[in-house]
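Novice: Sequence first, then the predicted structure:
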2 protein chains.
Amino acid sequence: MASNTHADYPPELSAEEQNFIFAELKDWSIAHGLAVRPAPSFVQQSQDPSGVLATTAPVTIFPSLFPRKCFEDGLSIQKAYNELYSAIARDEQWLQGIVEELVDVDDFVAKLWRTHLAVKKEGYVQDLSLGLFRSDYMVHEDPSQTNSTPGLKQVEFNTIASSFGGLSSQVSALHRYLFSLGAYPSSTSSLIKADALRQSQSTSRLANGLAAGHRAYGESKTKLPLCVLFVVQDPERNVFDQRHLEYALLEENDVRSFRLSFGESLALTKLDGDRNLIYTPPHSPSTSYEVTTIYYRAGYSPDDYVKEEDWEARLHLEKSRAIKCPSVLTQLAGCKKVQQVLATPHSPHLKRFLPDEETASQLLKTFAPIYPLDKSDAGQEAKKLATEPSSAARYVLKPQREGGGNNIYRKAIPPFLQKLPETQWPAYILMEMIEPPPLKNAIIRSGVVERGGVICELGVYGVCLWRGGSGEGDKGEVLENFEAGYLLRTKGDQSEEGGVAAGFGAVDSCCLVD
Amino acid sequence: MASNTHADYPPELSAEEQNFIFAELKDWSIAHGLAVRPAPSFVQQSQDPSGVLATTAPVTIFPSLFPRKCFEDGLSIQKAYNELYSAIARDEQWLQGIVEELVDVDDFVAKLWRTHLAVKKEGYVQDLSLGLFRSDYMVHEDPSQTNSTPGLKQVEFNTIASSFGGLSSQVSALHRYLFSLGAYPSSTSSLIKADALRQSQSTSRLANGLAAGHRAYGESKTKLPLCVLFVVQDPERNVFDQRHLEYALLEENDVRSFRLSFGESLALTKLDGDRNLIYTPPHSPSTSYEVTTIYYRAGYSPDDYVKEEDWEARLHLEKSRAIKCPSVLTQLAGCKKVQQVLATPHSPHLKRFLPDEETASQLLKTFAPIYPLDKSDAGQEAKKLATEPSSAARYVLKPQREGGGNNIYRKAIPPFLQKLPETQWPAYILMEMIEPPPLKNAIIRSGVVERGGVICELGVYGVCLWRGGSGEGDKGEVLENFEAGYLLRTKGDQSEEGGVAAGFGAVDSCCLVD
């Protein structure tokens, strides 16, 4: 898919076409739980104090065009990424080196590390770790070359709370439904066709991942019934995304789960003498459960730890025998500093974790050059690139922390750094901008249709369950490793931030083109 | 289930129990399309001009107790009811006698009849008729007897636009989900159990009914693709109920359908020389469809015919070769006058349509005594009963027309009749009140929980497809006849009106008790 080959996609819709698609889309989405709770700017809490209103999730009207080769590459290398990040999470010593560079400038990383050390002091009692990962990419076309072959470049690798797996399955089903109705203009028929639309299996496969952890935990040590805990934010607008996983976990895997917030977990769970994690639901205090797996959909951002007790809660959960999805070390493996040291040109690190050269070289192709802003040679080079407006224009400055919202783009980088004390620069990494092909689409959000240039981000989910790595010499072992469906997230190209929950983008699906 | 046997059902919920159930219920319902568009009193149109907001449909928290024998009776006699009403619809001469008694007092019935006559004049070109019926019952316990055996008494028989088939399947799934979570207090475990909860198959079976009509229509006469038309109100708050049928029609039966209002049908459909009904979707004017089946979800009330053109539209559709669900004659067969003459003590009519005595006697048991308010002997008796406050207290006065909202209850009857000119009395029938056992439940509506005494109405859906009856001597033939799931509709016993869409009740499911 070279640039501008499909410049007329998607076509303009007549008023009648748009009315029809809109009516179908807004009803189908609610009928199938492709929904979010409305933003406070749309419905104030005083109007709906019990929170029963819902609205269509922000979605694209058309499936976005995506190069078939890139899509297949992304799915096929997910198992290698799962292997890589589980190996990193098992290498405490290496991670320590990373963390030590950050503790002085990133209080969040420091607190996570201290949580790990506190558990280690008492001794970990669970040797299994679960990852529900998502590797995010954009299609990159080298702007300096005409007719360059598009390739995938990684934006980031998420090791905690990878979202939208539940809604992604639904949006690809929505686009297939609209296609089956003939709702798309006939001029799209050479592009939107059955073998071009890809149904994401993310809901079912991510639930299978949680069920794999649950089963691997083994029998109840306490004779209590077993359950999975979802640790969530409260309130959570994106609740249906999570609920679809819960329902698939129950219906397809017969595994019971409960939701609770960090704030509730100290009161509602306790550790017995063997550090089994016992959850007592407030609605049914006479029936307690032994927790097999803790699935964090909160805790990825400092904002999730409002009070000191929230850190206590995290420590309390981490100490337990329950399998953590993810463990603190796995969460730390996802910090941008790790991505940066892997992607720093001529880095020796990738080989450490992926000795197989062919696999490593496949991953390497998806790295965009990333530089530290420290005292290393690469760091010195980066400082020059970042402070000079003409070169900075090809870069993005990102904080080490998880969760978007704080990136500094292109020409805004030099003045930003000028105001920032240089001691704090190492909290950021400098990354070459990925240059995606120009695309268009229409997004529906809160009932309003916006049309224009868009940028698409492909997320590929992966499930990995592994054992060990905490003891010396023992490198552990991967027990489950599979690709788990995909997400396409699309945002207007005016904004340079992603993340539908934050109100900046939409859930999309792939229409593959050769 | 004798009165008061289960007076402690459902139990009071602790705050924690109610919070848990409420959180599960409000998320599950949106995730599974058990939803309605919010009432204008909840969300004003100006706040959500494109109508993307939705809310949990009004539902009961618990499945209501229902006598197993009554439930099974209701389902098993549905085929006999389908047969009865299709026979009535095929007997134009008999219906004419009924209608002639009403034309002077009921303008709506008169207009429907004139529509039939206008089509007849040109000659009907479609010999097939489809009915998606719903027979509504309450459990009756004779208040004059202690320990009376509860039996089903028919409230009404709906021959047009029988609603809630789509949501009923979902609410029984919701109650099963809450049960599978253990969300109901353990004190309910002797009642709420797997073999007591009944999953309604109404969505799937009603869609099968529409598909049966579609198939029976045969091949396209015009070589155009075939479709089903849903004639709907616009706006429609209960749209998801209808959408679930559309989705099941497409997914389970591969039948395409479109929605349009009466107001749109003159502009968007035309009759060709053979009176094939051709629909041209406004969003795709180059592709027309030949309509096999018209499914009316509007047109049952005078309010649906705002302008004279709406009657023209009905006539236009009726003239066509498409199968009508229902035809005008079938709609007229559902008027309360028909129910009244069948249920008038010692009526000869039932035998006319159901010669088999055993079948007829089964149906007869479900009739509550109904009287005309006319010059017949039964009518004279009725006038005495209705004008005397002490006897009127056991009766309800109902207009002949479809659709609730205008019933006069018990002691309100004498003063109502006093103000009504006696010439208009024949527009009403007098029906003995059904005395249901006292039940309790909790209803969630617009996020508010109301708890208290309730009355439950069981609706049993039926599908019937038949041929003929318009020619002399030809009694026609039933081609398909099946029971199609159930609806339990529950309202507070303070209000004496039904109909969730009108804001008076909730969708419920059956917890069968012996």
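Specialist: Sure, I can see it.

Novice: Tell me which residues touch the residue of the stretch 201-350 of chain A found nearest chain B, please.
Specialist: Here the stretch 201-350 of chain A gets closest to chain B at one residue, residue A:283, 3.6 Å apart by CB to the nearest CB. For the C-beta atoms, the positions are set from N, CA and C on the backbone; glycine is no exception. Neighbour list for residue A:283: B:14, B:16, B:17, B:19, B:20, B:21, B:183 [criterion: CB atoms under 8 Å, 6 or more residues apart in numbering or on different chains].

Novice: what's the nearest residue to it if we skip its chain neighbours?
Specialist: residue B:20 (3.6 Å; CB to CB, 6 or more residues apart in numbering or on different chains).

Novice: Just confirm that neighbour is within a strand.
Specialist: No: using DSSP: H, G, I helix; E, B strand; the rest coil, the assignment for residue B:20 is helix, not a strand.

Novice: In whichever strand or helix holds residue A:23, which residues are buried?
Specialist: Residue A:23 belongs to helix A:15-31 when assigned by DSSP states H and E. Neighbour counts over helix A:15-31 (16 or more other CB atoms under 10 Å in any protein chain shown) mark A:17-18, A:20-31 as buried.

Novice: so what secondary structure elements neighbour that helix?
Specialist: In terms of contacts (3 or more CB pairs under 8 Å, 6 or more residues apart in numbering or on different chains; DSSP states H and E), helix A:15-31 is packed against strand A:53-56, helix A:165-181, strand A:439-445, helix B:239-253.

Novice: Apply 7 Å and report the result again.
Specialist: Using 3 or more CB pairs under 7 Å, 6 or more residues apart in numbering or on different chains; DSSP states H and E, the elements in contact with helix A:15-31 are strand A:53-56, helix A:165-181, helix B:239-253.

Novice: Now do it and helix A:165-181, the angle between them.
Specialist: 140 degrees (axes from the mean of the first three to the mean of the last three CA atoms, to 10 degrees).

Novice: what mean pLDDT does helix A:15-31 have?
Specialist: The average pLDDT within helix A:15-31 is 97.

Novice: Equivalent analysis for stretch A:174-184, please.
Specialist: The average pLDDT for stretch A:174-184 rounds to 97.

Novice: buried sites along it?
Specialist: A:174, A:175, A:176, A:177, A:178, A:179, A:181, A:182, A:183, A:184.

Novice: do that stretch and chain B meet?
Specialist: Yes: contact between stretch A:174-184 and chain B is present through residue A:182 (criterion: CB under 7 Å from any CB of the partner chain).

Novice: what's in contact with that stretch?
Specialist: A:20-21, A:24-25, A:28-29, A:34, A:59, A:62-63, A:192, A:197, A:199, A:509, B:284 (CB atoms under 7 Å, 6 or more residues apart in numbering or on different chains).

Novice: so which two of the residues you listed are the farthest from each other?
Specialist: The most widely separated members of the contacts of stretch A:174-184, counting by CB to CB, are A:199 and B:284 (24.7 Å).

Novice: Wasn't residue A:449 part of a helix?
Specialist: No: using three-state DSSP, the assignment for residue A:449 is strand, not a helix.

Novice: and it, how many neighbours?
Specialist: A count of nearby residues for residue A:449, using other CB atoms under 10 Å in any protein chain shown, gives 15.

Novice: State the distance from it to residue B:42.
Specialist: Residue A:449 is 24 Å from residue B:42, where distance means CB to CB, to the nearest Å.

Novice: for residue A:352, same thing?
Specialist: Taking CB to CB, one finds residue A:352 at 59 Å from residue B:42.

Novice: Quick check: of the buried residues of stretch A:174-184, which lies closest to residue B:460?
Specialist: Within the buried residues of stretch A:174-184, proximity to residue B:460 (CB to CB) peaks at residue A:177, which comes in at 30.9 Å.

Novice: Centroid-nearest residue for chain A?
Specialist: residue A:162 (3.3 Å; CA atoms, centre = their mean).

Novice: so what's that one up against?
Specialist: The neighbours of residue A:162, taking CB under 7 Å, 6+ apart as the test, are A:132, A:133, A:134, A:461.

Novice: Which pLDDT value belongs to it?
Specialist: Per-residue pLDDT puts residue A:162 at 96.

Novice: near chain B, which residues of the stretch 301-450 of chain A show up?
Specialist: Selection of the stretch 301-450 of chain A residues close to chain B by CB under 7 Å from any CB yields A:446, A:447.

Novice: the helices in the stretch 301-450 of chain A, which residues?
Specialist: Taking DSSP state H, counting those that start in this stretch, the helices of the stretch 301-450 of chain A run over residues A:308-319, A:328-333, A:336-343, A:349-353, A:357-364, A:377-387, A:389-392, A:413-419.

Novice: most tightly surrounded among the ones you listed?
Specialist: Using mean count of other CB atoms under 10 Å in any protein chain shown, the stretch among those with the largest mean neighbour count is helix A:328-333, at a mean of 26.

Novice: Okay, now the unreliable bits of the stretch 351-500 of chain A?
Specialist: Residues of the stretch 351-500 of chain A meeting the criterion pLDDT under 70: A:400-405, A:470-473, A:494-500.

Novice: just checking, residue A:244 touches residue A:163?
Specialist: No: assessed by CB atoms under 7 Å, residue A:244 is found out of contact with residue A:163, at 11.4 Å.

Novice: quick revisit: please say which of residue A:199 and residue B:284 ends up with more neighbours.
Specialist: More neighbours surround residue B:284 than the other of residue A:199 and residue B:284, with 19 against 15 (other CB under 10 Å).

Novice: and the more buried one, backbone torsions?
Specialist: phi -150, psi 70 (degrees, to the nearest 10).

Novice: Tell me which residues touch it, please.
Specialist: By CB under 7 Å, 6+ apart, the residues touching residue B:284 are residue A:182.

Novice: got a list of what the closest residue to residue A:42 other than its chain neighbours touches?
Specialist: Nearest non-adjacent residue to residue A:42, counting by CB to CB, 6+ apart: residue A:446, 5.1 Å away. By CB under 7 Å, 6+ apart, the contact set of residue A:446 is A:42, A:55, B:52.
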